[in-house]
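> let's see this in three dimensions:
(one chain, ligands or ions: 2)
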Amino acid sequence: MPGKPRLLCVDDEPVNLKLLDTILTSQGYDVLTVPGGQEALGVIQEKEIDLVLLDVMMPGMNGFEVCQWIKEREEYRNIPVVMITALASKEHRTRGIEAGAEDFISKPIDKNEVLARIKMLLKMRDLNSRLNRGYANLNQLISSGEEAIKTFNPLHFDFISAIDNIVKQVIRQAGESSDKPRIVLVGFVDEERSWKWFQYESAFEELYRTPIEADVQKALRLPDYGESTIAFYNESDLEKIGLQAFVKKVESLIPIKLANFTCYLSAEFSIFAINYSNDLTSYDAAVLKSIVMQSLFLKSLADQVKETENAFAYLVSALVRASEANDEESGNHVKRVGLYCSIISRKLKLVESFVNNIRLSAQMHDVGMIYIPAGIIKKPGPLTRDEWNFVKNHPLFGVKILGNHPRLQMAKNIALAHHEKWDGSGYPYGISGEKIPVEARILTIADHYDVLRMSRPYKPSYDHETTVKILCEGNERVNPNHFDPRVFKAFLETASHFEEVFERWKG
Ligand SMILES: [Fe+2]
Ligand SMILES: [Fe+2]
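Ligands and ions are numbered 1, 2, ... in the order given. All right, here's what the predicted structure looks like:
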């Protein structure tokens, strides 16, 4: 309940109203007075009222009717109603209870009794609204957690937007507009192991993030927290607990007088939610912590997935290096082929996971060559029929090496079918058209382009234009009928990027 509690007194006797006004105003309440039921309803709808003191016997709408009206409406139901009844009127009390009144005061009123009852009811109302806020927060937390998991993409996890979300939630969590932090400061340890701090403010429904240039860690003399710390402070406590020095330091960083704030501090991430207009409790601090935890959990998950992905990519390149032991000339061939494949796949509007997968899987297209003796690979002249037939087994050797893991399914498809041709004239099975997996149809073009650009024992290197010309017109080895026309079209439309990749990863 920010500010002074606002009480509405309803009585048709001006003397009674005057008396209540005097008693209550002197105790620091904001008092509104009206002479009848109808007027009371108007005020309740226009202004936020914290408690109603209601005379029973009034001309026009009486106290029971007013009370019933309040209690029937969801939006006003929680306003406590105290009925002022004649002493010993048992009937009035029964009717008042039926109408939903919270309490009764007898006339003539006793000042201390009135004040004690009002204080107690306001406290109950405050607790009640905290409870409601708690339920709303819990629902909010659950649904934003659900949303975060649904949209979670570990390979494209962006910590800054995750932090934006934390702040949005902290601000949204607080509910009513009068009841949210005005400023949120967030700091985290970046990839270079140094702290970065941001200041967030919300205005006109928008969230504004600005970097803080000052070294906040140093300015606030925040310790290196081994364990995370969560705390909340109210303006009234700041002096008592000797936090003035700290407050001064914060105030030197942000142009605002520090009042109620809560914070979560840890070795990697810290957040201050500053200047709530209501008093804070451990509940607010716990909400802050659970919001932060949600995002930090996702970050750590994303970090782990990325690390595993990197390890996987590293092992793929180790496998490729091993398979190229007898072919020192190949250099960055497989890396370039992987990149060409992702260019064509993107042009064909294949899904992002396919595009990522083919970049790596394509690199393993010739792992089966590990079985081909160096003597054959390095032979300067033409191969004998038997030698050539043996080389043509390398797709099957590749399948043998890659095995049955689902993660290597695409690599296996490529290894097996990368020498199959659209017109059915390829090997090892001579399958044609769409029976050849699309990833292998893509790789075939990419591989041909790169081999034409490289110098091999049996051929010179060609420049980009000549290579494209050969692929379009054919020569003694290549024929455009070998390629899926749709994939070939995508290649021609992106050919300039192939040249860029070749130049970038030459050698
Ligand atoms: Fe091959
Ligand atoms: Fe190749």
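> not counting sequence-adjacent ones, nearest residue to Val468?
In this structure, Val468 finds its nearest non-sequential neighbour in Ala495, 5.6 Å apart by C-beta to C-beta, 6 or more residues apart in numbering. In short, each C-beta sits where N, CA and C put it, glycine included.
> buried ones in the helix or strand hosting the one you found?
Here Ala495, judged by DSSP states H and E, is contained in helix 485-504. By 16 or more other C-beta atoms under 10 Å, the buried positions in helix 485-504 come out as 487-488, 490-491, 495, 498-499, 501-502.
> what about Lys378, how many neighbours?
By other C-beta atoms under 10 Å, 12 other residues sit near Lys378.
> that one against Pro457, yeah?
Yes: applying C-beta atoms under 8 Å, one finds Lys378 in contact with Pro457, separated by 7.4 Å.
> hang on, isn't Gly430 packed against Gly424?
Yes: taking C-beta under 8 Å as the definition, Gly430 is a contact partner of Gly424 at 5.4 Å.
> settle it for me: which of the two has more neighbours?
Each of Gly430 and Gly424 has its neighbours counted (other C-beta under 10 Å); Gly424 has more, 15 against 11.
> how near is the residue nearest to the more buried one when sequence neighbours are not counted to Asp484?
Spatial nearest neighbour of Gly424, excluding adjacent residues (C-beta to C-beta, 6+ apart): Ser432 at 3.2 Å. Separation of Ser432 from Asp484 (C-beta to C-beta, to the nearest Å): 10 Å.
> same check on Arg95?
The spacing between Arg95 and Asp484, counted by C-beta to C-beta, is 86 Å.
> can you list phi and psi of the nearest residue to Arg117 once chain neighbours are set aside for me?
Nearest residue to Arg117, sequence neighbours excluded (C-beta to C-beta, 6+ apart): Asp103, at 5.4 Å. Asp103 adopts backbone torsions of phi -160, psi 170, taken as degrees, to the nearest 10.
> can you give me the strands for the stretch 151-300 of the chain?
183-189, 195-203, 206-212, 229-233, 260-265, 269-276 (DSSP state E, counting those that start in this stretch).
> next, the buried residues of the shortest one.
Along strand 229-233, the positions that meet the burial threshold by neighbour count (16+ other C-beta under 10 Å) are 230, 232-233.
> just the mean pLDDT for it, thanks.
Regarding strand 229-233, the rounded mean pLDDT is 88.
> quick one: it to chain centroid distance?
24 Å (C-alpha atoms, centre = their mean, to the nearest Å).
> now the angle from it to strand 260-265?
170 degrees (axes from the mean of the first three to the mean of the last three C-alpha atoms, to 10 degrees).
> also the first one?
For the pair strand 183-189 and strand 260-265, the angle between their directions (the same axes, to 10 degrees) equals 10 degrees.
> break this structure down into its domains, please.
As recorded under automatic domain parsing, the domains making up the chain are 6-129, 153-300, 324-504.
> relative to Val316, which of those domains is closest?
domain 324-504 (5.5 Å; C-beta to C-beta).
> from the middle of its chain, how far away would that closest one be?
Relative to its chain's centre, domain 324-504 lies at 39 Å (C-alpha atoms, centre = their mean).
> end to end on it, go ahead and measure it.
Criterion C-alpha to C-alpha, to the nearest Å; first-to-last residue distance in domain 324-504 is 21 Å.
> mean confidence score for that domain?
The model assigns domain 324-504 a mean pLDDT of 94.
> could you do stretch 11-26 as well?
For stretch 11-26, the per-residue pLDDT averages 94.
> and stretch 166-182, by the same measure?
70.
> end to end, how far does that stretch reach?
End to end - C-alpha to C-alpha - stretch 166-182 spans 15 Å.
> likewise stretch 348-365?
21 Å.
> equivalent analysis for stretch 263-281, please.
End-to-end distance (C-alpha to C-alpha), stretch 263-281: 12 Å.
> quick check: closest non-adjacent residue to Ile377.
In space, Ile377 is closest to Asn326, 4.7 Å off (C-beta to C-beta, 6+ apart).
> for the stretch 1-150 of the chain, what spans make up the helices?
Counting by DSSP state H, counting those that start in this stretch, the segments of the stretch 1-150 of the chain that form helices are 14-26, 37-46, 63-71, 90-99, 111-150.
> how about the longest one: buried residues?
If you call a residue buried by 16+ other C-beta under 10 Å, then helix 111-150 has these buried ones: 114, 117-118, 121-122, 125, 129, 133, 137, 140-141, 144-145, 148.
> cool, the first one as well?
Taking 16+ other C-beta under 10 Å as the basis for neighbour counts, the residues of helix 14-26 that come out buried are 16-17, 19-21, 23-24.
> helices or strands up against it?
For helix 14-26, the packing partners by 3 or more C-beta pairs under 8 Å, 6 or more residues apart in numbering; DSSP states H and E come out as strand 6-10, strand 30-34, helix 111-150.
> where is the longest helix in the chain?
As assigned by DSSP state H, the longest helix anywhere in the chain is helix 282-323.
> packing partners of that one?
Short answer (3+ C-beta pairs under 8 Å, 6+ apart): helix 282-323 packs on helix 111-150, helix 159-173, strand 229-233, strand 260-265, strand 269-276, helix 352-361.
> send me stretch 237-257 as PDB with only the CA atoms.
The C-alpha coordinates for stretch 237-257 follow below in PDB (Å, rounded to 0.1, in the frame of the first residue of the first chain):
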ATOM      1  CA  ASP A 237      16.400   0.500   7.200                       C
ATOM      2  CA  LEU A 238      19.300   1.900   5.200                       C
ATOM      3  CA  GLU A 239      20.500   4.100   8.000                       C
ATOM      4  CA  LYS A 240      19.900   1.700  10.800                       C
ATOM      5  CA  ILE A 241      22.100  -1.000   9.200                       C
ATOM      6  CA  GLY A 242      24.900   1.300   8.400                       C
ATOM      7  CA  LEU A 243      24.600   1.100   4.600                       C
ATOM      8  CA  GLN A 244      25.000   4.800   4.100                       C
ATOM      9  CA  ALA A 245      28.500   4.500   2.500                       C
ATOM     10  CA  PHE A 246      27.200   1.900   0.100                       C
ATOM     11  CA  VAL A 247      24.200   4.000  -0.800                       C
ATOM     12  CA  LYS A 248      26.400   7.000  -1.500                       C
ATOM     13  CA  LYS A 249      28.500   4.900  -3.900                       C
ATOM     14  CA  VAL A 250      25.400   3.700  -5.800                       C
ATOM     15  CA  GLU A 251      24.100   7.200  -5.900                       C
ATOM     16  CA  SER A 252      27.300   8.300  -7.500                       C
ATOM     17  CA  LEU A 253      26.700   5.800 -10.300                       C
ATOM     18  CA  ILE A 254      23.100   6.500 -11.000                       C
ATOM     19  CA  PRO A 255      21.400   9.900 -10.800                       C
ATOM     20  CA  ILE A 256      18.700   8.800  -8.300                       C
ATOM     21  CA  LYS A 257      18.200   8.800  -4.600                       C
END
